[in-house]
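Asker: Quick one, what's the 3D model for this:
(chains A, B, C and D)
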Protein chains: 2
Amino acid sequence: MADTNDLLRLDRQLCFTVYAAHHAFTAAYKAGLEPLGLTYPQYLVLLVLWEQEGLKVKEIGKRLHLDSGTLTPLLKRMEKGGLLRRLRDAADERQVRIELTEHGRHLQAEVLKVRQEIGCALGGAEEPIQDMRARLEGVIEQLSAPGSTRSL
Amino acid sequence: MADTNDLLRLDRQLCFTVYAAHHAFTAAYKAGLEPLGLTYPQYLVLLVLWEQEGLKVKEIGKRLHLDSGTLTPLLKRMEKGGLLRRLRDAADERQVRIELTEHGRHLQAEVLKVRQEIGCALGGAEEPIQDMRARLEGVIEQLSAPGSTRSL
DNA sequence: CACGATTAGGATGAACGCAACTTATTCTTT
DNA sequence: AAAGAATAAGTTGCGTTCATCCTAATCGTG
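Answerer: Presented below is the predicted three-dimensional model:
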């Protein structure tokens, strides 16, 4: 029988396990990223830019679910660190395009090593990892579905 | 064949999906918690204290994976908000015990409603949720295993 | 008892992350 | 062409989160 004590038990909350997993990933990546001068969110920005360079701030924000209030200072720090350049678009001066520097591009090889080591720590098997990832995607979708807004 | 582009693709990273899920949960809870004057980490602290009152700062930190640098200001804000009291332990004055106020205790009923609504948004079925939660626990364990530190 | 080590909590500084607001630019509609 | 709406980025303020350092209290050993 699920009473209040059961329903609110910390060790049964998916939301807390996700929160703890986020901490664990951040900590795990930190060891590899810090020597490269990168934070974890900066690593995510690089993942996006390695896939497609010259994106606008807005487009990066859409992929990472971050707004300009977070991205502007983050990108400025990365620019100061010599990873990328922020270029005001000539055709539409409201927009800022993000280009990687040579340094930013070459970091991909180093980061790949870090990523591989995390993969190994997880057991190396790609299939069960992707299976869980897909399920988590489903949770995100349900949490952000228009219907769930109503139910809140 | 998994080349660099595949391995570093954002939409294949479990770490990013976890990061995105954390955002989604925070946003989903926010709608319900804000009217109660709570943030999401404050909600987590209450979950801990509803299970066992009078815990020391250190003990709360152990359960939530947070250190004193995070908890001290967070608990002070909650004290200011009338949710709890911080009491220096008489027997060992290094320690601070956290007691809930009446208000903090009575919030449990309100929070339970919020938690139920999130549960409904996820489909309501408890079993597959707990299954995924258990798998994520496994990931956390592997990420924080002593062996993985070596491999990083 | 005294000295050093350990422990708990607090203070500070840097980096996210979000909400709310501002500014500059572009688009729309008349 | 001009007024107003919409859009992109930036700014500010608050709350977390961590690393690092600091202080006070307690413990352990001689």
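Asker: Which residues does stretch A:34-52 contact?
Answerer: Contact with stretch A:34-52 is made by A:25-26, A:29-30, A:33, A:55, A:60, A:63-64, A:66, A:70-71, A:74-75, A:77-78, A:81, A:83-84, A:98, A:100, A:104-105, A:107-108, A:110-111, A:114, B:5, B:8-10, B:13, B:16, B:19, as judged by CB atoms under 8 Å, 6 or more residues apart in numbering or on different chains. C-beta coordinates here come from the backbone N, C-alpha and C atoms, glycine included.
Asker: cutoff 6 Å now
Answerer: A:26, A:29, A:33, A:60, A:63-64, A:78, A:81, A:100, A:108, A:110, B:8, B:10 (CB atoms under 6 Å, 6 or more residues apart in numbering or on different chains).
Asker: Grab the nearest non-local neighbour of residue A:130.
Answerer: Leaving aside its chain neighbours, residue A:130 sits nearest to residue B:12 (7.0 Å; criterion: CB to CB, 6 or more residues apart in numbering or on different chains).
Asker: If you could redo that for residue A:77, that was the one I meant.
Answerer: residue A:42 (7.5 Å).
Asker: element containing that neighbour, please.
Answerer: Using DSSP states H and E, residue A:42 falls within helix A:40-51.
Asker: tell me which parts of chain A are close to DNA strand C?
Answerer: A:39-42, A:65-70, A:73-74, A:77, A:91-94 (CB under 7 Å from any atom of the strand).
Asker: for residue A:59, what are its contacts?
Answerer: Counting by CB under 6 Å, 6+ apart, residue A:59 has no contacts.
Asker: mind listing the strands for chain A?
Answerer: A:55-56, A:84-88, A:96-100 (DSSP state E).
Asker: for the ones you listed, which one sits closest to residue B:135?
Answerer: strand A:55-56 (33.1 Å; CB to CB).
Asker: quick one: that closest one near chain B?
Answerer: No. Judged by CB under 6 Å from any CB of the partner chain, strand A:55-56 stays clear of chain B, getting no closer than 12.0 Å.
Asker: do you know how far residue A:51 is from residue A:63?
Answerer: Applying CB to CB, to the nearest Å, the value for residue A:51 to residue A:63 is 9 Å.
Asker: Over to residue A:144?
Answerer: Counting by CB to CB, the gap from residue A:144 to residue A:63 is 15 Å.
Asker: try residue A:90
Answerer: Taking CB to CB, one finds residue A:90 at 24 Å from residue A:63.
Asker: Looking at those two, which is more packed in?
Answerer: residue A:63 (17 against 8; other CB atoms under 10 Å in any protein chain shown).
Asker: What's the local residue count around the residue in chain A that DNA strand C sits nearest to?
Answerer: Closest residue of chain A to DNA strand C, CB to the nearest atom of the strand: residue A:69 (2.6 Å). The tally of other residues near residue A:69 (other CB under 10 Å) stands at 9.
Asker: how close does it get to residue B:145?
Answerer: Counting by CB to CB, the gap from residue A:69 to residue B:145 is 36 Å.
Asker: Need the per-residue pLDDT for the residue most central in space within chain A.
Answerer: For chain A, the residue nearest the mean C-alpha position is residue A:44 (4.4 Å; CA atoms, centre = their mean). Per-residue pLDDT puts residue A:44 at 98.
Asker: how about low-confidence regions in chain A?
Answerer: A:1-5, A:146-152 (pLDDT under 70).
Asker: quick one: contacts for residue A:135?
Answerer: For residue A:135, counting by CB under 6 Å, 6+ apart, the contacting residues are residue B:132.
Asker: next one: the one 5 residues further on
Answerer: Contact analysis of residue A:140 by CB under 6 Å, 6+ apart lists B:20, B:21, B:24.
Asker: which of those has the most neighbours?
Answerer: Highest count within the contacts of residue A:140 by other CB under 10 Å belongs to residue B:21, 24 neighbours.
Asker: who's in contact with that residue?
Answerer: A:18, A:136, A:140.
Asker: nearest to DNA strand D, of those?
Answerer: When the contacts of residue B:21 are compared against DNA strand D (criterion: CB to the nearest atom of the strand), the nearest one is residue A:18, at 11.5 Å.
Asker: All set, thanks.
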